[in-house]
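Undergrad: Take this sequence and fold it.
(2 chains)
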Amino acid sequence: MHCQAPYCQVQELDTLDRRLVDSYQRGLPVCTRPFHTVAERLGTSEAEVIARLERLQALGVLSRVGPVFDHARAGASLLAAVAVPEAERDALAELINAAPGVNHNYAREHDYNLWFVMTAPDEPELEARLDALETRLGVPILRLPMLEGFHIDLSFPIPWAELERT
Amino acid sequence: MSVSTCPSRPDPDGDVPERDARGLDAADRAIVLATQAGLPLVPDPWGAVGREVGMSGEAVLERMRAMQERGVIRRVAAVPNHYRLGYVANGMTVWDVDDAQIDRLGREVAAIEGVSHCYRRPRHLPHWPYNLFAMLHGCSREEVERQAAVLRERLGEACRDHRILYSSRILKKTGLRLARRVPQE
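TA: Numbers count the residues shown, from 1 in each chain, chains lettered A, B, ... in the order given. Below you'll find the predicted structure:
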């Protein structure tokens, strides 16, 4: 992996930062003083762990430190797509973003050029939200619920040394 | 699927059952709402969350553990932003795979390096023949294409067609899953 992106900030991260990301993307201890437990394992202080996590969050290396919810068990959701004329794409994307329950929306290079995730407290509400949005957009929504997840663990080893090479 | 922003949007569905389909009661939902954008980075995060939602730190911790046991919470973790780390090419690959072989092949594809999510989804013929989705992440399109070639080879004869849909713009991204509701204690 030869990363030349301007977004790499890997050089700014020292060994302790990298160990924090590597070790704890798979899970923090859910106990009374979690950062104290982390600090003991890494041979540092609780205050240092907290300061590092704050900095990693501020740099954007970590999106957050907190619970990762199982989408399927935290309500109803599905992947949806629409094919819209390029000239109308941004205006329709705003309609989609403003609709209740939409939590991702990506423009993609394909006839189906807007891809979003619709969520709702339950299945009937999910269908109702999609039907309402479909009416507003005036184009059919391709509905692609997950039938089976083969891999739902988002953590994967970060190749620090290769990311560092520029 | 990571996350940072926290829009609070009025939720049109007002009727909240005691315990909803996810097995979450009002106190669980309050905890989810208070933590889904991230935990407070303080020595006692559960106590801090508890003060926000009106319960003790012990009660928050106990409910976090219970939600984790039920699988509502997959893990409590430091969630990396791969884009910021340089994984700027994000390719959603979609494959038209023989239904008889998709369970085996889906598991194999999911284990290939670079694949973050892998799902089976329904076809919608004639416009959408693809039934297997694998999200690839790399530092460049060339790298994503190399990864896709590995997938293509693994799928072999069972795959009739495929596409790589690159994202050209992120128009919205949030990890919030529960809509904010009327506060309740």
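Undergrad: CA only for contacts and neighbour counts going forward, please
TA: Fine.
Undergrad: so what's the backbone phi/psi at A:Ser63?
TA: As for A:Ser63, its main-chain torsions (degrees, to the nearest 10) stand at phi -70, psi -30.
Undergrad: Could you report the neighbour count for it?
TA: 23 (other CA atoms under 10 Å in any protein chain shown).
Undergrad: With the one 5 residues further on instead?
TA: Neighbourhood size, A:Val68 [other CA under 10 Å]: 26.
Undergrad: how about it, what does it touch?
TA: B:36, B:73-77 (CA atoms under 8 Å, 6 or more residues apart in numbering or on different chains).
Undergrad: quick one, strands of chain B?
TA: Assigned by DSSP state E, the strands in chain B fall at B:73-80, B:89-97, B:115-120, B:132-138, B:159-173.
Undergrad: okay if I get those as CSV plus mean neighbour count, distance to chain A and mean pLDDT?
TA: What follows is the strands of chain B, written out as CSV (neighbours: other CA atoms under 10 Å in any protein chain shown; distance: least, CA to the nearest CA, whole Å; pLDDT from 0 to 100):
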stretch, mean neighbour count, distance to chain A, mean pLDDT
strand B:73-80, 24, 4, 90
strand B:89-97, 22, 9, 93
strand B:115-120, 23, 5, 89
strand B:132-138, 25, 8, 91
strand B:159-173, 17, 4, 86
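Undergrad: can you list the domain ranges for chain B.
TA: B:1-79, B:89-166 (automatic domain parsing).
Undergrad: between the ones you listed, which has the poorest average model confidence?
TA: Mean pLDDT is lowest for domain B:1-79 out of the domains of chain B, coming in at a mean of 78.
Undergrad: Angles on the backbone of the residue of chain A most remote from its centre, please.
TA: Going by CA atoms, centre = their mean, the residue of chain A most distant from its centre is A:Gly43, 30.2 Å out. The phi/psi pair for A:Gly43 (degrees, to the nearest 10) reads phi 70, psi 40.
Undergrad: how near is it to A:Val30?
TA: 19 Å (CA to CA, to the nearest Å).
Undergrad: contacting residues around A:Arg108?
TA: Residues counted as contacts of A:Arg108 (CA under 8 Å, 6+ apart) are A:114-115, B:165-169.
Undergrad: run the last query once more with 7 Å
TA: Residues near A:Arg108 by CA atoms under 7 Å, 6 or more residues apart in numbering or on different chains: A:114, B:165-168.
Undergrad: of the residues you listed, closest to B:Leu24?
TA: Sorting the contacts of A:Arg108 by how near they are to B:Leu24, with CA to CA, puts A:Leu114 at the top with 32.0 Å.
Undergrad: Beta-bridge partners for that closest one, please?
TA: Note on A:Leu114: beta-bridge partners A:Val82, A:Ala107, judged by DSSP bridges.
Undergrad: That one: neighbour count?
TA: A count of neighbours around A:Leu114, defined by other CA under 10 Å, yields 28.
Undergrad: what about residue 31, neighbour count?
TA: All of this is about chain A. Neighbour count for A:Cys31, taken as other CA under 10 Å: 16.
Undergrad: try chain B instead
TA: Count around B:Ile31 with other CA under 10 Å applied: 21.
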